[in-house]
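Novice: I would like the atomic coordinates for the input below:
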Amino acid sequence: MRAVLTLALMFAAIGGIGCGNDDAEVAEGPIEALETNVVAFGGVEYRVILFRQMNPRNPPDKAVYDGPLPADQGLYAAFVVACNASDGEQIPTKRIHLEDAFGEIFRPIELEEDNPFAYRPRPLEPGECLPDEGSAADRTFSAAVVVFRVPFEDIRERPMILALDATDADVPGARVELDL
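Specialist: Residues are numbered from 1 along each chain as shown. The predicted structure is shown next:
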């Protein structure tokens with residue numbers, strides 16, 4: 001019993017090493033992939049259904065991004081659904097970025113204009129969502145894709161946060177803690 005307790009305490013101590021700066025802002029918001037966790041602002045509801053590293057050798061991932069990638073960086077994708085939950089036309093935010101636990105910001109990669117999987121905000125009628133129902137993004141990933149290029153050394157600085165900022169400075173945005 002004593003050996004089990006010693007091992008548990010040792011793992012707890014190891015788990016606490018390198019967890020980040022105690023002064024860093026704690027991100028608020030739901031962890032992606034949970035059905036009940038939806039963030040909303042400006043009349044639009046957002047859900048990040050998945051956040052994962054992409055493999056450019058995998059055909060579905062290569063269809064999303066087929067560009068250069070430095071050896072010390074990885075591609076990471078947030079799969080996002082945005083739905084108009086208001087009674088009037090709304091445009092989902094274009095202001096999205098990724099943050100590590102220390103607040104370092106990573107901007108999305110610009111995907112090709114004709115990329116059928118890319119998250120491309122446009123006016124949505126009440127009840128309408130991005131991606132369009134039946135679109136390539138919907139059929140393949142059940143979401144539109146936002147891609148980030150992140151150095152491998154920075155991706156260890158968890159939790160990673162997807163920040164969705166409102167276009168209007170008077171409207172607070174939302175932050176989603178990502179699981180990787």
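Novice: so where's the longest strand in this protein?
Specialist: Using DSSP state E to assign secondary structure, the strand with the most residues in the chain is strand 73-84.
Novice: Neighbouring strands - and their directions - for it?
Specialist: Here strand 73-84 is paired, per DSSP bridges, with strand 44-53 (antiparallel), strand 129-130 (antiparallel), strand 144-151 (antiparallel).
Novice: now those as CSV including distance to P121, mean neighbour count and mean pLDDT?
Specialist: No exception for glycine: its C-beta is placed from N, CA and C like everyone else's. Supplementary listing: those in CSV, determined by distance: least, C-beta to C-beta, whole Å; neighbours: other C-beta atoms under 10 Å; pLDDT from 0 to 100:
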stretch, distance to P121, mean neighbour count, mean pLDDT
strand 44-53, 9, 20, 94
strand 129-130, 7, 21, 97
strand 144-151, 9, 21, 96
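Novice: Which parts of this structure are helices?
Specialist: 2-16, 59-64, 136-141, 152-155 (DSSP state H).
Novice: Comparing those helices by mean pLDDT, which bottoms out?
Specialist: Out of the helices of the chain, the stretch the model trusts least by mean pLDDT is helix 2-16, with a mean of 38.
Novice: Ignoring the adjacent residues along the chain, who's closest to C83?
Specialist: Excluding its sequence neighbours, the residue lying closest to C83 (C-beta to C-beta, 6 or more residues apart in numbering) is C129, at 4.0 Å.
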